[in-house]
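okay, sequence plus prediction incoming.
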Amino acid sequence: MRTAIDIRSPGFKRYFSNTSWLMGHRVLSMVVALFVGVYVARYLGPERFGLLSYAGSFVGLFTALATLGLDGIMVRELVKSPERKDELLGTAFWLKAGGAILMWIGIAAAIPFTHNDTQTNILVAIIAFAVIFQAFNVIDFNYQAEVKSRYVVYAQLVQLVASSITKLIFVWIAAPLVWFACVFLLDAVVHAVGLTAMYLKNTGKIWYWKWRWETAKELLRDSWPLILSGMVVSIYMKIDQVMIKEMLGAEEVGHYAAAVRLSEAWYFVPMAITSSVFPAIINAKKQSKELYYQRLQKLYDLMVWLAVAIALPTTFLAPWVIRVLYGDAFLPAAGVLSIHIWAGVFVFLGVASGKWFITENFMKLSFYRTFLGAIGNVVFNLIFIPILHIKGAAIGTLLANLLAAYFFDVINLKTRKTFLMKTKSLCFIGVKK
């Protein structure tokens, strides 16, 4: 049975409007961040750009301790129980603030095992301090649940303007490297203030938020597998730059990071789409199983089509793109880009199926698949980086995402259905439109 989508229905218009706001902002952010980022990279050069990228990646290994796996859980709970909004938001806020402290402890414990010099550790400290302001992202979860992401976009636009202008000024006055690390802190503060202003103006009062131990236990009981999952996701998304720094040096990190930024710039697409349609998928499950899986199959189909449409031309245009954007100093990044861009196919599918894992409450399985990907990425990097250098790291990332986002699903009976659905999408034989 086919279920037609009524484009005139209020529900469709609401979700379409929400997605449009998210996509519009993400496209604008991608374009602005791309050109401003290229301008900064050209100024810093491969080595200093590599140090800044390494510092961000090193902090990124520990950010799961700050987020506490609450992102998808919070949206689910706010959709299910909107009357509990104040206690959910208040409890999650303080949980995430406490998580930031755990993150700092983890970073402090790991620093002695690196070859970082004083300057690199200062960059890491500045970027890590900015993470505490992510506690205000609970406001974003509320607007995702209410399908009102335009309010979040308003705050993000202010952040984008402030960040971009600051970076351009720093390049113009030939600012030292540490100043560019401070932009991470500026971004976090401006975003937090913007979200708070939107919430106070349009939604409610932050001082009505309240902490409840019972709610904290409830959230953490569901989210702890996602905390571990987030940690291993960070490993296989960020460990490549950390390993390159330790094995090859900062300049090679700069080349690799230049390519990865172009490749990962597209990752906003699955995140924006899935964040917007997640409530619709949850509601479809309440109506019928057929409608639920039909919507999920269409989401997988869309993810594959979009990812391939991005990866195919990029493969052939990579040298030209790198030369035009970054200059000849970054030309070694071209080979990395032509390989790394294909990881996007499985990243897109992984983001979409991650929502399915949350909807089905398969938190432990979500952890197992990301753990497999993280271990795979480390092993692949150890094998390929000594042989192929930064291209080897790109191959490791591609294989790790293939392993986690696709092949893992064939292992367990509970996930085999989504494996078959992904296979249909990858073979372009999904459901009839």
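Okay, I see it.

which parts of the helix or strand containing residue 312 are buried?
Element membership for residue 312 (DSSP states H and E) is helix 289-325. Within helix 289-325, the residues scored as buried using 16 or more other Cβ atoms under 10 Å are 291-304, 306-307, 310-311, 314, 318, 321-322, 325. C-beta here means a position set from N, CA and C on the backbone, and glycine is covered the same way.

distance between stretch 74-82 and the chain's centre?
Mean-position distance between stretch 74-82 and its chain equals 21 Å (Cα atoms, centre = their mean, to the nearest Å).

could you do stretch 232-245 as well?
On Cα atoms, centre = their mean, the centre of stretch 232-245 falls 14 Å from the chain's centre.

neighbouring contacts of that stretch?
For stretch 232-245, contacts defined as Cβ atoms under 8 Å, 6 or more residues apart in numbering pick out 50, 53-54, 57-58, 60-64, 252-253, 256-257, 260, 367, 370-371, 373-378, 381-382, 385, 390, 393, 396-397, 400-401, 404.

so among the residues you listed, which ones count as buried?
Applying 16+ other Cβ under 10 Å to the contacts of stretch 232-245, the neighbour count classes 50, 53-54, 57-58, 60-64, 252-253, 256-257, 260, 367, 370-371, 373-378, 381, 385, 390, 393, 396-397, 400-401, 404 as buried.

of those residues, which belong to strands?
Nothing among the buried ones among the contacts of stretch 232-245 maps onto strands, per DSSP state E.

helices or strands up against the helix holding residue 312?
helix 250-264, helix 268-287, helix 333-340, helix 343-359, helix 416-426 (3 or more Cβ pairs under 8 Å, 6 or more residues apart in numbering; DSSP states H and E).

quick check: mean pLDDT across the shortest one?
Throughout helix 333-340, pLDDT has a mean value of 96.

check stretch 217-236 too.
79.

okay, helices next: where are they in the stretch 51-200 of the chain?
Taking DSSP state H, counting those that start in this stretch as the criterion, the stretch 51-200 of the chain contains helices spanning 64-67, 70-80, 85-110, 118-130, 138-145, 150-172, 177-202.

re the thing from before, lowest average pLDDT across the helices and strands packed on helix 289-325?
Note on the helices and strands packed on helix 289-325: lowest mean pLDDT is at helix 268-287, with a mean of 78.

tell me the buried residues in it?
Across helix 268-287, burial judged by 16+ other Cβ under 10 Å covers 268-282, 284.

kindly export stretch 140-152 (C-alpha atoms) in PDB.
This file holds the C-alpha atoms of stretch 140-152, laid out as PDB (Å, rounded to 0.1, in the frame of the first residue of the first chain):
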ATOM      1  CA  ASP A 140      17.800  23.800  20.500                       C
ATOM      2  CA  PHE A 141      16.400  20.400  21.500                       C
ATOM      3  CA  ASN A 142      13.200  22.100  22.600                       C
ATOM      4  CA  TYR A 143      12.800  23.800  19.200                       C
ATOM      5  CA  GLN A 144      13.500  20.600  17.400                       C
ATOM      6  CA  ALA A 145      10.700  18.900  19.300                       C
ATOM      7  CA  GLU A 146       8.400  21.800  18.600                       C
ATOM      8  CA  VAL A 147       9.500  21.900  14.900                       C
ATOM      9  CA  LYS A 148      10.400  25.600  15.300                       C
ATOM     10  CA  SER A 149      14.000  25.600  14.300                       C
ATOM     11  CA  ARG A 150      13.800  29.100  12.800                       C
ATOM     12  CA  TYR A 151      14.400  30.500  16.400                       C
ATOM     13  CA  VAL A 152      17.700  28.500  16.500                       C
END
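
next one: that stretch to chain centre, how far?
Distance, centroid of stretch 140-152 to centroid of chain: 17 Å (Cα atoms, centre = their mean).

residues contacting the closest residue to residue 291 other than its chain neighbours?
Computed as Cβ to Cβ, 6 or more residues apart in numbering, the closest residue to residue 291 that is not its neighbour in sequence is residue 284, at 4.7 Å. Listed by Cβ under 8 Å, 6+ apart, the contact set of residue 284 reads 291-292, 294-295.

apply 7 Å and report the result again.
291-292, 295 (Cβ atoms under 7 Å, 6 or more residues apart in numbering).

residue 160: which of these is nearest?
Nearest to residue 160, judged by Cβ to Cβ, of those is residue 295 at 31.4 Å.

how much space separates residue 415 from residue 353?
Distance, residue 415 to residue 353, by Cβ to Cβ, to the nearest Å: 9 Å.

neighbour count for those two, which is higher?
Higher neighbour count among residue 415 and residue 353: residue 353, with 27 against 22, using other Cβ atoms under 10 Å.

which phi and psi does the residue nearest to residue 90 when sequence neighbours are not counted have?
Excluding the flanking residues, the one nearest residue 90 by Cβ to Cβ, 6+ apart is residue 209, at 3.0 Å. Backbone torsions for residue 209, taken as degrees, to the nearest 10, come to phi -60, psi 150.
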